[in-house]
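Visitor: missing the sequence, but the structure's below:
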């Protein structure tokens, strides 16, 4: 940095300037009579009018509800590698073709894990009546290995967290079944931060089995990661470390975790655990891709998406049939209203989000040379609760470009704009990491983790009006992005 030295003015000259005040400036620099040019709108007047029409059409349509009803009720659970997952691929592809989209199936190699039998009972505990047992309600974690065919019978050890486990050491853990009794923060969730509460607890689902195996445990249990204590176990993928033995892993209900935490301090508690999951050979599945070609920049792509696979306990209505359905609805409404997006709108139903993310990873690899032409990507994977607005990233400067959209969405209570450097869902993560701007609806998720990954993830949990509100947010935002008059910051 260079410094310019100037001579110090005399005191008399300073006094003259002070007495003259602003009038000296007026004489030297006459004011311009030109009116400042208004900041150009990021959308044409026609686009803004079309966004309002899209919003009203979405709120009046039941197309998204009919789609999620078919996925959850008629096809049912869609665990990766299953016959139902393949049926869902075929169904969504046919529906997108019926809308007039250019449809292709992109191959994805996916794992094929099946659940099998899962039972547990307490066969020894303080106060036990003669010739009785107590049933424990649990479910295997995704990817879990099986117990021996005759099951495991071992003493139960309860710890609150990883630190407590480590403090006990191998001598007190070896040969036991370890229960991690880490509580999902229901108060945090009730205050509108369910995602954060889930993030704090879910590390036990992924890391607990290997942590327990390192100190000699024969099986690992976790307190279910969720908020509804209706004796519902919550499944989800676990993540075995490569350098330790794989041990059977399951989630027990909150009530049964409380039961064990109460009994163990009273004396020895023994459990018989039987899990019979299988890891079958990998199979070929597909991401379903449907394009509505852009009228001016067909090479530029705006993705709107949800994941087609689901866990096998429920029917995958909120996770994530709803996301697929509202993505399909965006294309349906644009076609019905005969609107013409300038950029290509690409609807994607991802495969394998729940237990591998193979679909998102395969897409990013397959389209690596086209990343620069991926203008934006949106994923809907937070259920179907009332939408509050739009989460966007990776640059805060995009807010000014989205404010006209938020103003329209405010009519249905969805006018919040929330900047997040990591906006978007897991499937579009490989794209957003490469700089593609990510988007997702902000939804009321206070009760989402009551049902997420449980047998209660069924169609009745979806309120049709709230699903239509989500469709409005997705359709309006997606169409706005296809018609934005300038580049998004990357």
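Guide: Great, that's in hand. Keep in mind that what you see is a predicted model, and the values were worked out from it rather than measured.
Visitor: ok, residue 274 touching residue 120?
Guide: Yes - counting by CB atoms under 8 Å, residue 274 sits close enough to residue 120 to count as a contact (7.2 Å). C-beta: built from backbone N, CA, C; applies to glycine.
Visitor: Between these two, point out the one with more neighbours.
Guide: residue 120 (26 against 19; other CB atoms under 10 Å).
Visitor: Could you give the number of residues near residue 203?
Guide: Summarising burial for residue 203: neighbours were counted as other CB under 10 Å, giving 16.
Visitor: Mind checking what helix or strand follows the host helix or strand of it in sequence?
Guide: In this structure, residue 203 is located in helix 194-214 according to DSSP states H and E. The element immediately downstream of helix 194-214 (helix or strand, assigned by DSSP H and E) is strand 219-223.
Visitor: Could you list every helix and strand that that next one packs against?
Guide: Packing contacts for strand 219-223, counted by 3 or more CB pairs under 8 Å, 6 or more residues apart in numbering; DSSP states H and E, involve strand 177-180, helix 194-214, strand 249-252, helix 254-263.
Visitor: now for those, which one comes closest to residue 386?
Guide: Across the helices and strands packed on strand 219-223, the minimum distance to residue 386, taken as CB to CB, is reached by helix 194-214, at 13.5 Å.
Visitor: Buried by neighbour count: which residues of the helix or strand that contains residue 481 qualify?
Guide: Assignment of secondary structure by DSSP H and E places residue 481 within helix 464-483. Buried positions in helix 464-483, judged by neighbour count with 16 or more other CB atoms under 10 Å: 466-483.
Visitor: Ok, stretch 158-178 next?
Guide: Neighbour-count burial for stretch 158-178, counted by 16+ other CB under 10 Å, picks out 158-159, 162, 165, 173, 176-178.
Visitor: Return the member of these nearest to residue 102.
Guide: Of all these, residue 102 sits closest to residue 162, with 49.3 Å by CB to CB.
Visitor: would you list every one of the strands in the stretch 51-200 of the chain?
Guide: In the stretch 51-200 of the chain, the segments counted as strands under DSSP state E, counting those that start in this stretch are 102-114, 118-124, 134-135, 138-140, 152-159, 177-180.
Visitor: okay, these, which one's buried deepest?
Guide: Comparing the strands of the stretch 51-200 of the chain by mean neighbour count (mean count of other CB atoms under 10 Å), strand 177-180 ranks first with a mean of 28.
Visitor: Run through who's touching that strand.
Guide: Applying CB atoms under 8 Å, 6 or more residues apart in numbering, the set of residues contacting strand 177-180 from outside is 152, 154-162, 165, 204, 208, 212, 217-223, 252, 257, 260-261, 271, 273.
Visitor: Adjacent strands (with direction) for that strand?
Guide: Strand partners for strand 177-180, identified by DSSP bridges, are recorded as strand 152-159 (parallel), strand 219-223 (parallel).
Visitor: quick revisit: give me the packing partners of the helix holding residue 203, helices and strands only.
Guide: Applying 3+ CB pairs under 8 Å, 6+ apart, we find helix 194-214 packed against helix 162-168, strand 177-180, helix 186-188, strand 219-223, strand 249-252, helix 448-451.
Visitor: Dump those to CSV, plus distance to residue 236 and mean pLDDT.
Guide: Supplementary listing: those in CSV, determined by distance: least, CB to CB, whole Å; pLDDT from 0 to 100:
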stretch, distance to residue 236, mean pLDDT
helix 162-168, 18, 97
strand 177-180, 14, 98
helix 186-188, 18, 95
strand 219-223, 10, 98
strand 249-252, 8, 98
helix 448-451, 11, 97
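Visitor: Which among the ones you listed is found nearest to residue 359?
Guide: Proximity to residue 359, assessed across the helices and strands packed on helix 194-214 by CB to CB, is greatest for helix 448-451 (21.9 Å).
Visitor: Quick one: residues in contact with the closest one.
Guide: With CB under 8 Å, 6+ apart as the contact definition, helix 448-451 has outside contacts at 184, 189, 194, 197-198, 225-228, 234, 314, 318, 382-383, 385, 456-458, 461.
Visitor: Next up, the contacts around the residue lying closest to residue 70 once chain neighbours are set aside.
Guide: Here the nearest residue to residue 70 in space, its sequence neighbours aside, is residue 91; by CB to CB, 6 or more residues apart in numbering that works out to 6.9 Å. Each residue near residue 91 by CB under 8 Å, 6+ apart is listed here: 70-71, 75.
Visitor: how far is stretch 434-453 from where the chain is centred?
Guide: With CA atoms, centre = their mean, to the nearest Å as the basis, the distance from the averaged C-alpha position of stretch 434-453 to the chain average is 4 Å.
Visitor: for stretch 482-490, same thing?
Guide: A distance of 24 Å separates the C-alpha centroid of stretch 482-490 from that of its chain, computed with CA atoms, centre = their mean.
Visitor: Start and end of it, how far apart?
Guide: Here the two ends of stretch 482-490 are set 16 Å apart, with distance taken as CA to CA, to the nearest Å.
Visitor: buried stuff in it?
Guide: For stretch 482-490, the buried set under the neighbour-count rule, 16+ other CB under 10 Å, comprises 482-484, 488.
Visitor: How confident was the prediction at residue 229?
Guide: The predicted local confidence for residue 229 comes out at a pLDDT of 83.
Visitor: Same question for residue 421.
Guide: Residue 421 is assigned 84 on the pLDDT scale.
Visitor: how about the helices of the stretch 201-350 of the chain, start to end?
Guide: Along the stretch 201-350 of the chain, the segments classed as helices by DSSP state H, counting those that start in this stretch run 254-263, 322-336.
Visitor: name the helices or strands packed onto the longest one?
Guide: It stands for helix 322-336. If you count contacts as 3+ CB pairs under 8 Å, 6+ apart, helix 322-336 packs onto helix 45-60, helix 63-69, helix 83-98, strand 278-292, strand 297-307, strand 343-350, helix 464-483.
Visitor: domain ranges for the chain?
Guide: For the chain, automatic domain parsing gives the domain ranges 45-113+280-483, 116-276.
Visitor: Please identify the most buried of the ones you listed.
Guide: Of the domains of the chain, the one with the most neighbours on average (mean count of other CB under 10 Å) is domain 45-113+280-483, at a mean of 21.
Visitor: so how far is that one off the chain centroid?
Guide: Chain-centre distance of domain 45-113+280-483: 11 Å, with CA atoms, centre = their mean.
Visitor: Next: stretch 99-119.
Guide: Averaging C-alpha positions (CA atoms, centre = their mean) puts stretch 99-119 18 Å from its chain's average.
Visitor: Let me know the average pLDDT across that stretch.
Guide: Averaging pLDDT along stretch 99-119 gives 98.
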